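J.: Would you be able to build a 3D model of this:
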Amino acid sequence: MREIMGFIWPLMAASAEAMMWFGIILVLVIIGRGKILPSEKPIFIDRTGQYKIKLAPGLNLVQPFIEFLARQIVLHEGTVRNGPEFIFKVRDKNIASRKMSFYLLGISVQNGYLYFEAGPAPAEPVPSRTPPPESVSQLDVFNNVESAIHRAAKLWSVELHRIK
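T.: Numbers count the residues shown, from 1 in each chain. Have a look, this model is predicted:
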């Protein structure tokens with residue numbers, strides 16, 4: 001180490017530019033070692049007037065995808081207060097681990113707000129039938145959510161299958 005520093009210090013003293021590059025490389029090496037770890041606690045996000053998100057422990061890494069998805073779904077003024085519920089089985093290469101190769105993402109409209117809930121797959125299977133939309137405005141919400149999640153999944157390279 002002494003030999004290396006004995007070589008670097010005279011170069012740095014001779015050139016401010018070399019000193020700047022050495023500092024930049026040092027910062028990049030230090031930052032590059034960091035890794036975002038899954039959270040051990042559930043996360044609740046409330047974007048007042050827009051949407052609410054509940055993420056199970058270990059799924060904090062899906063937050064950017066869900067927030068992107070929430071921005072894609074447009075609920076128009078006068079939208080149904082309680083809309084259809086969607087449940088998707090999501091495979092995300094950034095989240096996959098030995099414990100969990102996929103997670104379930106629930107999306108619903110309640111009281112005019114979008115609600116997202118992500119969690120591990122339950123022990124019992126989820127029913128696979130969705131009741132048909134009751135009104136035209138509910139059908140608009142249904143189609144809007146369906147198309148938005150498929151667009152977002154394609155952009156983020158996330159594989160999903162609709163369960164409900």
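
J.: what's the domain layout of this structure?
T.: Domain ranges of the chain: 2-32, 43-162, per automatic domain parsing.

J.: In this structure, where is pLDDT below threshold?
T.: Applying pLDDT under 70 to the chain flags residues 1-2, 5, 7-14, 32-39, 75-84, 96-99, 122-142.

J.: what are the ranges of the strands in it?
T.: 43-47, 51-55, 82-91, 103-110, 113-119, 159-162 (DSSP state E).

J.: so can I have a markdown table of these showing distance to Val74?
T.: Heads up, the C-betas are built off the backbone N, CA and C, glycines and all. A markdown table is the format used below for the strands of the chain (distance: least, C-beta to C-beta, whole Å):
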| stretch | distance to Val74 |
| --- | --- |
| strand 43-47 | 14 |
| strand 51-55 | 11 |
| strand 82-91 | 13 |
| strand 103-110 | 12 |
| strand 113-119 | 10 |
| strand 159-162 | 20 |
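
J.: got these as JSON lines, with mean neighbour count columns?
T.: Putting those into JSON lines (neighbours: other C-beta atoms under 10 Å) gives the following:
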{"stretch": "strand 43-47", "mean neighbour count": "12"}
{"stretch": "strand 51-55", "mean neighbour count": "19"}
{"stretch": "strand 82-91", "mean neighbour count": "18"}
{"stretch": "strand 103-110", "mean neighbour count": "20"}
{"stretch": "strand 113-119", "mean neighbour count": "19"}
{"stretch": "strand 159-162", "mean neighbour count": "13"}
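
J.: among those strands, which is nearest Ile73?
T.: Ile73 sits nearest to strand 113-119 of all the strands of the chain, at 6.0 Å, using C-beta to C-beta.

J.: who's in contact with that closest one?
T.: With contact meaning C-beta atoms under 8 Å, 6 or more residues apart in numbering, strand 113-119 is reached by 49-56, 59, 62, 66, 69-70, 73, 75, 90, 103-109.

J.: what do you get for stretch 147-155?
T.: Contacts to stretch 147-155, defined as C-beta under 8 Å, 6+ apart, come from residues 65, 68-69, 72-74, 86, 88, 90, 107, 158-160.
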